[in-house]
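*Asks:* prediction below, plus the sequence it came from.
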Amino acid sequence: MRPPTQYPQEVVAQEAETEEEPDPRLGAMMICTRLAGRAVIRVIGRCDEAKENENLDLSNCQLMQVPDAVYHLMRHTELKTCDLSENDITKIPPKFAEKFNLITDLNLSHNQMAKLPDNCPELGSLERLDISYNTFISMPDCIFKIPKLRYLNASNNHIVDVDVDCLLSAPSLETVDLTNNPLAPRIHDQLSKITNIRILLSPREKEDWEDLTI
């Protein structure tokens, strides 16, 4: 029989062997939970500010969509501007235009959007729209039906196609920024000939067959 004095050490060793190691994901999960909590607090705080100044600033709030709670908190406020830039938003729901149809300035830049809801024209008071630094590959035609829209920034996307006829029929459009987009040569040429609307374009890169020096 082994001496009793060895038992405690062996028990400790066995417990150390059988004790499960902590989940390495636990720390990351706790950090994410704290960050999410801070983001919620930030959103609520900015909604409270908007009730006072009628300008909703939800920029850089780690949003993937506009939370339903925002529509509830703002239900008695006639917002004039809305800033949703610097988030990870992929889409705007149709109810956004229904709930915030009095805003005059909407900033959606620096997100992950490739389309807008068809009921955009319900933003009847909107004068300025910024959709720059997103993932649009074509210009949503609904934008050109917004009745009072004067300024549109669609720069730094992946836009290849624009319905030029639809753009020309826009009721109030004055300036469109399409710089830093891979516009198709035909579309680029058509846009460059427009004179009644200020169209900002990056210089068109020539196709290989157009460059006689090659």
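*Replies:* Here it is on my side, so go on. Numbers count the residues shown, from 1 in each chain.
*Asks:* quick one: contacts for Lys80?
*Replies:* Contacts were defined as C-beta atoms under 8 Å, 6 or more residues apart in numbering; by that measure Lys80 touches Glu54, Asn55, Leu102, Ile103, Thr104, Asp105. Yep, even glycine has a C-beta here, placed from its N, CA and C like the rest.
*Asks:* how near is it to Phe100?
*Replies:* Applying C-beta to C-beta, to the nearest Å, the value for Lys80 to Phe100 is 10 Å.
*Asks:* His72 belongs to a helix?
*Replies:* Yes: secondary structure assignment (DSSP: H, G, I helix; E, B strand; the rest coil) places His72 inside a helix.
*Asks:* make TSV out of the contacts of Lys80 and add pLDDT.
*Replies:* Output for those, formatted as TSV (pLDDT from 0 to 100):
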residue	pLDDT
Glu54	96
Asn55	97
Leu102	96
Ile103	98
Thr104	98
Asp105	98
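*Asks:* apply the buried test to those residues and list what passes.
*Replies:* Applying a neighbour-count criterion of 16 or more other C-beta atoms under 10 Å, the buried members of the contacts of Lys80 are Ile103, Thr104, Asp105.
*Asks:* let me see the contact set for the second one.
*Replies:* I take that to be Thr104. By C-beta under 8 Å, 6+ apart, the contact set of Thr104 is Lys80, Thr81, Ser125, Leu126, Glu127, Arg128, Lys148.
*Asks:* likewise for Leu102?
*Replies:* Counting by C-beta under 8 Å, 6+ apart, Leu102 makes contact with Glu78, Leu79, Lys80, Gly124, Ser125.
*Asks:* correct me, but the fourth one touches Asn101?
*Replies:* I take that to be Gly124. Yes: under the criterion of C-beta atoms under 8 Å, Gly124 lies in contact with Asn101, with a separation of 5.7 Å.
*Asks:* pretty sure Pro117 is touching Ala97, no?
*Replies:* Yes: at 6.4 Å, Pro117 counts as touching Ala97 under the criterion of C-beta under 8 Å.
*Asks:* before we move on, the earlier item: out of the contacts of Leu102, which is nearest to Asp48?
*Replies:* Nearest to Asp48 out of those is Leu79 (C-beta to C-beta; 13.3 Å).
*Asks:* next up, the contacts around the closest residue to Arg46 other than its chain neighbours.
*Replies:* Spatially, and ignoring its direct neighbours in sequence, Arg46 is nearest to Asp57 (5.4 Å; C-beta to C-beta, 6 or more residues apart in numbering). Shown in contact with Asp57 (C-beta under 8 Å, 6+ apart): Arg46, Glu49, Ala50, Asp83.
*Asks:* specify the local secondary structure of the second one.
*Replies:* Using three-state DSSP, the secondary structure recorded for Glu49 is helix.
*Asks:* how about stretch 78-94: buried residues?
*Replies:* The neighbour-count criterion (16+ other C-beta under 10 Å) identifies Leu79, Lys80, Thr81, Cys82, Asp83, Leu84, Ser85, Glu86, Asn87, Ile89, Ile92 as the buried residues of stretch 78-94.
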